[in-house]
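J.: Sequence first, predicted model second:
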Amino acid sequence: MSPTAEAAGPPEARTGTEEPSASARIVQIRERIDEIDHALITLWQERAALSQEVGVTRMASGGTRLVLSREREILERFRVALGADGTQLALLLLRAGRGPL
Ligand SMILES: C=C(O[C@@H]1C=C(C(=O)O)C=C[C@H]1O)C(=O)O
């Protein structure tokens with residue numbers, strides 16, 4: 001790869017390779033990656049809002065802010081599906097749902 005392959009040209013051409021068929025395939029794959037990232041961000045925000053609503057609803061009714069047994073189930077769900085990275089992801093998800101403590 002030449003030193004300019006990364007930075008030169010319009011954004012859609014910055015594929016990191018100058019080989020045309022590889023570059024075209026990378027552009028195509030990136031379209032789907034961008035769709036997935038958008039969905040992940042939207043779902044992340046929706047989950048955080050719902051989780052915060054549960055917390056507010058529960059506290060307003062005299063309940064606890066958190067339910068650690070439920071959090072353990074979620075951590076286990078992500079660990080089983082994704083391994084150690086899943087645990088880390090679930091910890092971030094749970095933190096996002098807590099909002100300011
Ligand atoms: C959303 C809830 O409240 C809290 C947040 C959780 C979450 O973000 O998944 C899980 C358990 C609770 O600590 C819930 O009880 O379902």
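T.: Received, thanks.

J.: What's the separation between the residue positioned nearest the centre of the chain and Met59?
T.: Closest to where the C-alpha atoms of the chain average out (CA atoms, centre = their mean) is Leu40, at 4.9 Å. According to CB to CB, to the nearest Å, Leu40 and Met59 sit 29 Å apart. (Glycine included, C-beta is placed from N, CA and C.)

J.: any idea of the pLDDT on Leu101?
T.: pLDDT recorded at Leu101 is 55.

J.: hang on, I meant Ala8
T.: Ala8 is given a pLDDT of 61.

J.: Dump the C-alpha coordinates for stretch 20-28 into PDB.
T.: Extracted in PDB, the C-alpha atoms of stretch 20-28 (Å, rounded to 0.1, in the frame of the first residue of the first chain):
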ATOM      1  CA  PRO A  20      -9.800  -1.900  -7.700                       C
ATOM      2  CA  SER A  21     -11.900  -5.100  -7.100                       C
ATOM      3  CA  ALA A  22     -10.700  -5.400  -3.500                       C
ATOM      4  CA  SER A  23     -11.500  -1.700  -3.000                       C
ATOM      5  CA  ALA A  24     -15.000  -2.100  -4.600                       C
ATOM      6  CA  ARG A  25     -15.800  -5.000  -2.300                       C
ATOM      7  CA  ILE A  26     -14.600  -3.100   0.700                       C
ATOM      8  CA  VAL A  27     -16.800  -0.100  -0.200                       C
ATOM      9  CA  GLN A  28     -19.800  -2.600  -0.500                       C
END
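
J.: What residues does this protein have near the ligand?
T.: Where the chain comes near the ligand, counting by CB under 6 Å from any ligand atom, the residues are 51, 54-55, 66-67, 70-71, 74, 94, 97.

J.: one step back: check which helices and strands the host helix or strand of the residue nearest to the centre of the chain is in contact with.
T.: If you go by DSSP states H and E, Leu40 is part of helix 20-60. Applying 3 or more CB pairs under 8 Å, 6 or more residues apart in numbering; DSSP states H and E, we find helix 20-60 packed against helix 84-98.

J.: Tell me which other helices or strands the helix it packs on touches.
T.: Helix 84-98 packs on helix 20-60, helix 68-82, going by 3+ CB pairs under 8 Å, 6+ apart.
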